[in-house]
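In: Give me coordinates for this.
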Amino acid sequence: MHNQHVKDWKKLQTKKQRKKTNTYLLDGWHLVEEAINAGNQIVALIATEEQLALHDDIVTREFPIYEVTNEIMATITDTVSPQGIAAEVELPGDRFTKPETSHGAWLFLDRVQDPGNIGTMIRTADAAGFAGVVASQKTADLFSPKIVRAMQGSQFHLHLRQGDLVDWITLFKTEGHPVYGTQLNPQALNFREVTPVEDFALIMGNEGHGMDATTLNETTANLYIPMNGQAESLNVAISAGILMFQLNQKIK
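Out: Below is the predicted model:
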């Protein structure tokens, strides 16, 4: 194995390298297995001798396999305690594509920055039966190492897109589907008063500043979560979880 491989894998921690190679890195057997089961293109499987012995069935696969030391694994991954197995996989080829029609429940992320929040919201959207998640251009890169870890493989279960949220909002509204924003103002609706529908979008805004004014002006309605206690606000991922499960109740 050439040292250049190690350098390139380490660079995948940066958005610049991911854009250059159109790949990203998965760390840990759970995520690697999710990628394999989802039929994702594995560019390289990287593992220690011990991990290759534990998962000897993958040695017969057609993708390139590289045996590395624990030291190299610690170098290329972004974790304190790497699991000894990783994979370079292709980024979704349709991540910048806006569909011609809108179907199902979608979560839009408007300038959200915290990797833990983003990963948790994507994982929750997966659990709540959402069709996909769209990140605005100013939202953190969905395939950064911290977000990939927080998603826990949910990127293989729903559509992840990036684009202009106004364009996506227009798509939903043109087809008569509601687009809900999140803001506490006199016109906002209690989320419990909204009648669930099959096709809709929910927008969650920046942790400190909320939704962008341009996006906010395009929504069908804005929702709020009434609080009985004395806390001033809820974490954005917690709020998103409450709203997603409430809004995406299956229509009987």
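In: Could you use CA atoms for every contact and neighbour count after this?
Out: OK.
In: Show me what counts as buried in stretch 13-21.
Out: 13, 15, 17-18 (16 or more other CA atoms under 10 Å).
In: Secondary structure element holding the spatially most central residue of the chain?
Out: For the chain, the residue sitting closest to the mean C-alpha position, by CA atoms, centre = their mean, is Ile122 at 4.5 Å. Assigned by DSSP states H and E, Ile122 belongs to helix 115-127.
In: Just the pLDDT for Glu232.
Out: pLDDT for Glu232: 82.
In: can you tell me how far it sits from Ala125?
Out: 25 Å (CA to CA, to the nearest Å).
In: ok, those two, which is more surrounded?
Out: Ala125 (25 against 6; other CA atoms under 10 Å).
In: so how far is stretch 180-189 off the chain centroid?
Out: Distance, stretch centre to chain centre, for stretch 180-189: 25 Å (CA atoms, centre = their mean, to the nearest Å).
In: And the helices in this structure, which stretches?
Out: Ranges of helices in the chain, per DSSP state H, are 3-11, 15-21, 29-37, 49-54, 70-76, 115-127, 145-151, 165-174, 213-216, 236-247.
In: Show me what counts as buried in the fourth one.
Out: I take that to be helix 49-54. 51-52.
In: hmm, who's touching that helix?
Out: 58-59, 67-69, 84-85 (CA atoms under 8 Å, 6 or more residues apart in numbering).
In: Kindly report the same for the second one.
Out: Outside of helix 15-21, the residues that reach it under the criterion CA under 8 Å, 6+ apart are 8, 11-12, 24, 141, 144.
In: same question, the longest one
Out: For helix 115-127, the external contacting residues (CA under 8 Å, 6+ apart) are 107, 112, 132-133, 140, 142, 146-152, 154-155, 157-158, 236-237, 240-241, 244.
In: still on that earlier bit, can I get the contacts of helix 15-21 in TSV with pLDDT, neighbour count and distance to Thr214?
Out: Listed next are the contacts of helix 15-21 as TSV, based on pLDDT from 0 to 100; neighbours: other CA atoms under 10 Å; distance: CA to CA, whole Å:
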residue	pLDDT	neighbour count	distance to Thr214
Asp8	96	14	39
Lys11	97	17	35
Leu12	97	25	33
Tyr24	98	24	32
Asp141	97	20	21
Ser144	96	18	27
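In: Next, find the distance separating Gly119 from Leu109.
Out: Counting by CA to CA - Gly119 and Leu109 are separated by 11 Å.
In: got it, and Ala150?
Out: Taking CA to CA, one finds Ala150 at 16 Å from Leu109.
In: quick one, strands of the stretch 151-252 of the chain?
Out: Assigned by DSSP state E, counting those that start in this stretch, the strands in the stretch 151-252 of the chain fall at 159-162, 179-182, 189-190, 200-205, 221-224.
In: starting at the chain centroid, how far to stretch 185-200?
Out: With CA atoms, centre = their mean, you get 24 Å for stretch 185-200.
In: which outside residues touch that stretch?
Out: Against stretch 185-200 from outside (CA under 8 Å, 6+ apart): 102-106, 172, 177-180, 221-226, 243, 246-251.
In: Report the buried members of these.
Out: Looks like the contacts of stretch 185-200 have 102-103, 105-106, 172, 177-180, 221-225, 243, 246-248 buried, using 16+ other CA under 10 Å.
In: Walk me through the domains of the chain.
Out: 3-90, 105-247 (automatic domain parsing).
In: how far does the longest one stretch from start to finish?
Out: When the termini of domain 105-247 are compared using CA to CA, they are 9 Å apart.
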